[in-house]
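>>> Model the following, please.
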Amino acid sequence: MTEKTAAAAPPAILPDVLAQALADVTRRAAALAPRIVEKQAADLESAVHDEFGVQKAFGEVMQKMLADPQKLVEVQGKYMADLGKLWQDYLAAAAGQGPKLEPLKDRRFSDEAWTSNPWFDFLARTYTLTSRHMQDAVAGVPDVSPKTRHKALYYTRQMLDAAAPSNFALTNPQVLKATADSGGENLVKGMQNMLRDLEKGKGGLAIAMTDTSAFEMGRNVASTPGKVVFQNDLMQLLMYQPSTKTVLKRPLLIIPPWINKYYILDLQPKNSFIKWAVDQGHTVFVISWVMPDAKLSKKTFDSYLLEGPLAAMDAIARCTGEKEVNAVGYCLGGTLLACTLGYLAAKKDNRIRTATFFTSLIDFAKPGDLGVYVDEAQVDALEKRMQKRGGYLEGSEMAGTFNMLRANDLVWSFYVHNYLLGKDPFPFDLLYWNSDATRMPMAMHLFYLREMYIKNRLVKPGGVTLDGTPIDLSKVKSPAYFVSTVEDHIAPWATTYTGALTLGGANKFVLGGSGHIAGIVNPPAANKYGYWTNASLVPKAEDWLAGATRHDGSWWTDWDKWVRSHNREKPVPARIPGDALRGGKLEVLEDAPGSFAKLRLDKQA
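Residues are numbered from 1 along each chain as shown. Modelled structure (predicted):
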C-alpha cells in the first residue's frame, strides 16, 4: 500500500470505541422500548380509528378514480410516456447527442453528489417526475369535494416527501460518501442523535433543529431591555426601556399568538421588531402568554380576551396615563385583536385607535393546509386526548402539526442531517424559538377551532358572542393595517386579505415577500424580499395584486409612516418602566423577558 493510498483510506473506528458506542445505544434503546411501544400503539389506534380522515379521503378518491377506467389508463399512459422521454433525454445527454438536462430546482438534490453520479441523478429525476404525476392524478379526479381533494393531496404530498431517495442511506450519495469517509462513524453518531431525540420526546421523535445551548433568553435572544409591569393568570405584560428622549404619545401594544412565544419579534437586536419599534420612538408593551396546565384548563376564549388585551390596556393606562393605544396582533394574536375590536365597538369603546394585523386570519373560509387538520371528527378526537391529559393541548402536538406543513424543511432535512449524516444541529435563533413549544387550555382551544376554523362565525355579524357581547366586525371603524406574506403556508395571504374587507374602517393591505415568519421578521437593514402596496381595496385578492406596486426593502418603514399618520399629537418625554415621575403607577415585577416566557417544555424532566 502506497503512502498516498494509505492517506486516502477512510478512518477506522477503534473497536473499543465502536463497542462502547453500540453498547450505549443498546442500553438506551432498551430503556426507551416501553415508551416507544406505547407511542406506536397510540399512533396505531389513531390510524385504526382514522382520526385524521386519511383513509376516508383516499377511499373516496380511489372510488372515483376506478369508476372511470379510461381516464385511469390515460393517466398511467401519460406517466409512462414522460418516464420514457426522461430516459431517452438522459441517454442522449449522457452520450453528448442532446442538450444537457437542467438542474433540478429542489434543495434535497442540490448537492454536487447528486449530479456527479449519473445513477443518482436519474434516481432524483425519476422521483420528482413520479411525484408530480401522482399529485396531478389525485388533483384531477372528478366529482370529489374540495375538502376531500385537499386532504388527499396534502397526505399524498406527505407520503411522497417521506419516500424521497434523499431520506434513505443507500439512495443518498451524500450519506454514502460520509459513511465511506468516516468509516461509518456518521451512522453511529446518527443513532446516538436519534436516541437523544427519542429520549427527549419520551418515545416520540422530537427532532433537534438547533443547538439550544447556544442561546439564553435575556442574553442573546429576547434581550431588548424591559420590565414586567403587570401579571395575571394568563399573561405577563412587558414594557420596554426607551432608547429615544421623546416617544409617541400613544403607546404600542403587541398581542402575539398564544400558540408560540412572543420573542419571535425579539430574537436578536439585528432582527428584533420590538427593538426597532422602540428605536423609532414607540413606547412598546408586549403580552407574554402563560404556559397553561391542568389548573387553567377551563380558561375560555372570553378569558383570553378579558385577561389579555383588555387587561393589558387597563394596565397601560395605569402605567402611562394614556387610555388609547396602537395595537398589533400577530397570527392568532391578530384574530384575538379582531375579536377585541368587535367587542369594544359593541361597547362604544374606541381605545384601540389603530390596529395592525401580521399574517392574521379573520375569515377562515380557506385556511390553507392547516384546514386539513380541523374538522369535527378530528376536533372530537383532540378533545378526548386533552381530557385524558388533564385539560390542555401539549405543545409538542401543535409543534408537530406546524412542522409537517413544511415537512421537507422542518422534518426531513434534519432527519438526514442529524441521523444519516450524524451531524449536530447548527445554532439558529429562529429554530431555537421554533423549538420552544407552548400549551393551550382545552376550553379556549376548542372554542377557537369550532367557532372560527370549522364554522367561520367571526365574519358573520353576531356569529360569535364574547363575554355576553355579540361581535360584528363591520362596526369596527378604527383604521387597520394588514400585512401578509406571499409564501405564507399557515395563513394564506389571499384569505387574510378578506380581513381588510371585513372590518369597517379605512384599511390598508400590504403584501410582503417570503413566508409566515421570514416575511414578518424582515428588518430594513437586511434590505430583503420587498413588498407590494395598492391604495385600492378591491373585492378579489388577485385583482388587488394585479394593480399593486412593488417596493424594495422592508414593509416595516411603510408601517411606521402609516402609524404616525394616525398619531398627530406632539411627542412626550420617554417613559421609563416603573418611573412614577412619568405617570407610572405600576411596580416593576421582574426583568424582561419574564418568567412566563422563560419556561421551556423541552427543559423539563
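>>> Quick check: the residue sitting nearest the centre point of the chain vs Phe482, distance?
The centroid of the chain falls nearest to Phe402 when counting by CA atoms, centre = their mean (5.4 Å). As for Phe402, its distance to Phe482 is 22 Å (criterion: CB to CB, to the nearest Å). The C-beta positions use only the backbone N, C-alpha and C, and glycine is treated the same way.
>>> swap in Val290?
According to CB to CB, Val290 stands 28 Å off from Phe482.
>>> Flag the shaky bits of the chain, pLDDT-wise.
Applying pLDDT under 70 to the chain flags the ranges 1-19, 22, 32-33, 35-37, 39-49, 580-584, 603-605.
>>> Asn522 in helix, strand or coil?
Classification of Asn522 by DSSP: H, G, I helix; E, B strand; the rest coil places it in coil.
>>> That one contacts Trp556, doesn't it?
Yes - judged on CB atoms under 8 Å, Asn522 makes contact with Trp556 at a distance of 7.0 Å.
>>> With neighbour numbers in mind, choose between the two.
Each of Asn522 and Trp556 has its neighbours counted (other CB atoms under 10 Å); Asn522 has more, 25 against 21.
>>> dump the residue contacts of that one.
For Asn522, the contact set (CB atoms under 8 Å, 6 or more residues apart in numbering) comprises 512-514, 528-529, 554-556.
>>> Where strands are concerned, which of the residues you listed count?
Gly512 (DSSP state E).
>>> Serialize the contacts of Asn522 to CSV and add fields for distance to Ile490.
Listed next are the contacts of Asn522 as CSV, based on distance: CB to CB, whole Å:
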residue, distance to Ile490
Gly512, 14
Gly513, 16
Ser514, 13
Lys528, 20
Tyr529, 17
Ser554, 20
Trp555, 18
Trp556, 20
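>>> and which of the contacts of Asn522 is nearest Val138?
Closest approach between those and Val138, by CB to CB: Ser514, at 28.2 Å.
>>> Would you quantify the distance from the closest one to Met217?
Using CB to CB, Ser514 is found at 25 Å from Met217.
>>> So Glu60 is in contact with Asp143, correct?
No - using CB under 8 Å, Glu60 is not in contact with Asp143; the gap is 9.5 Å.
>>> Of the two, which one has the most company?
Set Glu60 next to Asp143 and count neighbours by other CB under 10 Å: Glu60 wins out with 19 against 9.
>>> List the buried residues in stretch 110-124.
The neighbour-count check on stretch 110-124 (16 or more other CB atoms under 10 Å) flags 113-115, 120-124 as buried.
>>> same thing with stretch 596-605?
By 16+ other CB under 10 Å, the buried positions in stretch 596-605 come out as 596-598, 600-601.
>>> circling back: got phi/psi on the residue nearest to the centre of the chain?
Per-residue torsions, Phe402: phi -60, psi -40 (degrees, to the nearest 10).
>>> I'd assumed Ile490 was in contact with it.
Yes - with contact defined as CB under 8 Å, Phe402 reaches Ile490; the gap is 7.2 Å.
>>> Quick one: the helices in the stretch 251-400 of the chain, in order.
273-279, 301-305, 311-320, 332-346, 376-389, 395-405 (DSSP state H, counting those that start in this stretch).
>>> Can you get me a residue count around Pro142?
10.
>>> what about it, which SS state?
coil.
>>> From here on, call the first residue 372.
Fine by me, first position is 372 from now on; the one you just mentioned is Pro513.
>>> need the contact list for it.
When contacts are counted by CB under 8 Å, 6+ apart, Pro513 touches 435, 439.
>>> Quick check: the gap between it and Glu445.
Pro513 is 13 Å from Glu445, where distance means CB to CB.
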